[in-house]
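>>> predicted model and sequence follow; I will ask about them next.
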Amino acid sequence: MLNNSDANIATADALTLLLHNQHALAAAIEEVTKWLSENGVGSVADNAVTAMETLDTNARGITDAIMRLRQL
């Protein structure tokens with residue numbers, strides 16, 4: 001059984017991997033958004049920008065949680 005410290009490390013490691021995935025998704029959405037904007041599909045590009053803003057907001061929350069877990 002994991003002790004509290006080991007559990008915190010495992011949780012922080014898992015959150016870090018999720019955060020890396022989130023950054024990769026944001027980069028992909030950004031590329032698609034650029035293409036959409038350049039090809040006259042501005043309304044869809046606007047929706048993609050909103051999705052990226054959500055990813056950014058949540059990334060900050062995940063980063064804060066990781067930092068708190070690593071300090072315990």
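Now that the structure is in, tell me what you want to look at.

>>> tell me what the helix or strand containing Ser43 is packed against?
Using DSSP states H and E, Ser43 maps to helix 42-71. Packing partners of helix 42-71 (3 or more C-beta pairs under 8 Å, 6 or more residues apart in numbering; DSSP states H and E): helix 4-38. (Glycine included, C-beta is placed from N, CA and C.)

>>> please state the offset of the helix it packs on from the chain centre?
Chain-centre distance of helix 4-38: 4 Å, with C-alpha atoms, centre = their mean, to the nearest Å.

>>> okay, the angle between it and helix 42-71?
Interaxial angle of helix 4-38 relative to helix 42-71 (axes from the mean of the first three to the mean of the last three C-alpha atoms, to 10 degrees): 160 degrees.

>>> counting by contacts, list what helix 4-38 packs against.
Using 3+ C-beta pairs under 8 Å, 6+ apart: helix 4-38 touches helix 42-71.

>>> follow-up on the earlier one: just how off-centre is the helix holding Ser43 within its chain?
With C-alpha atoms, centre = their mean as the basis, helix 42-71 stands 5 Å off its chain's centre.
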